[in-house]
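>>> model the structure of this input:
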Amino acid sequence: MSLKFSVLASGSTGNAFYIESGEEKILVDAGLSGKKVEGLLAQVNVDPHELSRILVTHEHSDHIKGLGIMARRYKLPIYANEKTWKAMDGQIGKISVDQKFLFNMEETKTFGGIDIESFAVSHDAAEPMFFTFHQDGRKVALVTDLGYVSERIKKTVEGADAYIFESNHDVSMLRMGRYPWNVKRRILGDSGHVSNEDCALALTDIITDRTKRIYLAHLSLDNNMKDLARMSVKNVLEERGFELGSRIDLYDTDPAAATPIYTV
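Sure, this is the predicted structure:
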């Protein structure tokens, strides 16, 4: 079996990630309307009736907006940690008890041959966590919505074949932008979001010879641009001796268009 994934949507307006191996087809977050999530799945030829389950990273609306709709419409089990379940109460509508499951922080669960490891991140949510996916020696790391990349996180995600990694903002654009100072302070803080430069510096510590793809994720519509994020990360990586374009490729993600399915 192979491990395949698509970044269905990524950004402050909504996030969703899809990963599969064999018959196991997993949706991580559903931060757009149910109709939009269905449309994004259609872009990569995935029938939502074939989904196995939904994993939830945290309760912010850009990660759970369509969660309740998708779960009810397709009778999908939802996995989240206890604090996230409590924080989602009242946001996702009524969910049947037999669709509610716990996936604790720092736990590994196995679904259809995919070993999924959860890890804590620093973000202003109840108990935010993200995931690494392992299958037959292959590894995919999903790392967004965090204020900084700790040494513990680096150790957890190092050596992945592919990264979906936050590159949220350009610091200068953010500082000069229209956001009120309290919002700027939140984004720049340890429980906010990772900048282009901090993304690049973290990547230099975790990518290895097996790393083939890096997807820059959760870009701010107001405080970043795809070209700027890519250039900023590319410059730092190349300065540190990493060969882009020959050994490692950088890819954009989009808030409204799914990336093509990639087989790891």
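
>>> who are the packing partners of the longest helix anywhere in the chain?
Selection of the longest helix in the chain by residue count, based on DSSP state H, yields helix 226-239. Packed against helix 226-239 by the contact rule (3 or more C-beta pairs under 8 Å, 6 or more residues apart in numbering; DSSP states H and E) you find helix 196-206, strand 213-217, strand 249-252. No exception for glycine: its C-beta is placed from N, CA and C like everyone else's.

>>> can you give me the angle that helix makes with helix 196-206?
40 degrees (axes from the mean of the first three to the mean of the last three C-alpha atoms, to 10 degrees).

>>> average model confidence for helix 226-239?
Averaging pLDDT along helix 226-239 gives 96.

>>> now that helix: buried residues?
Buried positions in helix 226-239, judged by neighbour count with 16 or more other C-beta atoms under 10 Å: 228-230, 232-234, 236-237.

>>> now the angle from that helix to strand 213-217?
Interaxial angle of helix 226-239 relative to strand 213-217 (the same axes, to 10 degrees): 140 degrees.

>>> in the stretch 101-250 of the chain, which spans are strands?
108-111, 114-120, 129-135, 138-143, 162-166, 213-217, 249-252 (DSSP state E, counting those that start in this stretch).

>>> rounded mean pLDDT for the first one, please.
Which is strand 108-111. Confidence for strand 108-111, expressed as mean pLDDT, is 98.

>>> equivalent analysis for the last one, please.
Throughout strand 249-252, pLDDT has a mean value of 97.

>>> please name the strands paired to the helix or strand just after it in the sheet, noting orientation.
Going down the chain from strand 249-252, the next helix or strand is strand 262-263, by DSSP states H and E. Paired strands of strand 262-263, with direction, are strand 4-9 (antiparallel) (DSSP bridges).

>>> where's the strand it pairs with relative to the chain centroid, distance-wise?
Between the centre of strand 4-9 and the centre of its host chain there is 9 Å, according to C-alpha atoms, centre = their mean, to the nearest Å.

>>> just stretch 144-152 next, same as before
Chain-centre distance of stretch 144-152: 12 Å, with C-alpha atoms, centre = their mean.
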